[in-house]
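Novice: have a look; sequence and predicted model below, questions after that.
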Amino acid sequence: MLVLLFILFAALAIGCALAVVAQRNPLYSAISLIGVFISLACLYVMLAAPFIAAVQVIVYAGAIMVLVVFVIMLLNVEQEEHRRSRMKFLVPAAVVLAAILTAEATFIIYFVEKSPVKPTSSVSDIGLTSSIGGSLFTSYLLPFEITSILLLMAIVGAMTLARRLKETSSGVAVVPGTTVLPLHLLDPTAPLDEPLAVEAYGTDEVAKLLDITDEHDPSKRD
């Protein structure tokens with residue numbers, strides 16, 4: 001029975017993984033990836049690791065995939081554009097690597113079944129929540145705290161870099177591309193329904209074209 005369940009969940013994981021790379025719609029690929037995560041969680045349960053299975057569902061199939069789907073919907077990516085492949089060697093390389101991975105998995109499964117060494121006891125607390133929590137906050141407390149500090153530094157660094165991209169000094173002039181501006185934004189005395197629009201590279205150029213005095217610049221006042 002366990003062998004049949006293993007074959008079922010393994011086939012489901014492989015099928016969903018193939019669907020991830022075969023789908024042209026990113027949203028369908030993300031849904032297929034959720035199927036992979038759930039299949040792996042079922043395999044973890046069969047290996048008597050309920051904590052890892054719960055983390056697999058809660059963190060990966062839950063939080064991370066919600067973030068991925070949110071980004072896909074935010075970018076409004078409907079379908080992948082078909083382009084000419086520039087690196088044609090990737091497909092043969094992927095086939096070769098997949099064959100090597102299959103051979104390694106077959107080799108390991110075969111020798112595990114043929115191994116004369118058998119476990120002395122079937123009862124083990126490895127993978128249980130209590131054993132993982134006890135090891136995490138006793139023997140591995142220092143690596144756990146260092147990892148949390150590194151994650152905090154990464155978050156602060158990302159926020160700092162994002163903030164620097166938005167800040168510019170007072171002496172920097174940002175010149176946009178060709179912009180069409182309505183006249184009343186440049187000349188407050190112009191009526192709002194004025195149909196005239198000016199195409200230029202900046203407000204200074206528009207002011208020169210229309211002979212409008214900049215009220216905010218004292219050097220240009222009469």
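Specialist: Noted; the coordinates are in hand.
Novice: what about residue 32, neighbour count?
Specialist: Neighbour count of residue 32, defined by other C-beta atoms under 10 Å: 18. (Glycine included, C-beta is placed from N, CA and C.)
Novice: in the chain, which spans are strands?
Specialist: Secondary structure of the chain by DSSP state E: the strands cover 179-182, 197-200.
Novice: now the last one: mean pLDDT?
Specialist: Right, the one you point to is strand 197-200. Across strand 197-200, pLDDT averages out at 57.
Novice: with stretch 141-152 instead?
Specialist: The average pLDDT within stretch 141-152 is 88.
Novice: contacts for that stretch next, please.
Specialist: 136-137 (C-beta atoms under 8 Å, 6 or more residues apart in numbering).
Novice: again with stretch 62-81
Specialist: With C-beta under 8 Å, 6+ apart as the test, stretch 62-81 has contacts from 24-27, 30, 33-34, 37.
Novice: from the residues you listed, which is closest to residue 89?
Specialist: Nearest to residue 89, judged by C-beta to C-beta, of these is residue 24 at 21.9 Å.
Novice: so how far is residue 2 from the closest one?
Specialist: Distance of residue 24 to residue 2, computed by C-beta to C-beta, to the nearest Å: 37 Å.
Novice: what of residue 108?
Specialist: Using C-beta to C-beta, one gets 18 Å for the distance from residue 108 to residue 2.
Novice: quickly list the domain ranges of the chain.
Specialist: Using automatic domain parsing, the domain parsing of the chain gives 1-79, 179-214.
Novice: those domains: lowest mean pLDDT?
Specialist: Minimum mean pLDDT among those: domain 179-214, a mean of 61.
Novice: before we move on, back to that, more neighbours: which of residue 108 and residue 2?
Specialist: residue 108 (10 against 7).
Novice: where exactly do the helices run in the chain?
Specialist: Along the chain, counting by DSSP state H, helices occupy 2-22, 26-46, 50-55, 65-75, 90-114, 129-136, 141-166, 183-186, 203-210.
Novice: just the CA atoms of the fourth one, as PDB, please.
Specialist: Written as PDB, here are the backbone C-alpha positions of helix 65-75 (Å, rounded to 0.1, in the frame of the first residue of the first chain):
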ATOM      1  CA  MET A  65       2.800  31.000  -3.800                       C
ATOM      2  CA  VAL A  66       0.400  33.700  -2.700                       C
ATOM      3  CA  LEU A  67       3.300  36.200  -3.200                       C
ATOM      4  CA  VAL A  68       4.100  34.600  -6.600                       C
ATOM      5  CA  VAL A  69       0.500  34.800  -7.800                       C
ATOM      6  CA  PHE A  70       0.200  38.400  -6.500                       C
ATOM      7  CA  VAL A  71       3.200  39.400  -8.600                       C
ATOM      8  CA  ILE A  72       1.800  37.700 -11.700                       C
ATOM      9  CA  MET A  73      -1.500  39.400 -11.300                       C
ATOM     10  CA  LEU A  74       0.200  42.700 -10.600                       C
ATOM     11  CA  LEU A  75       2.300  42.500 -13.700                       C
END
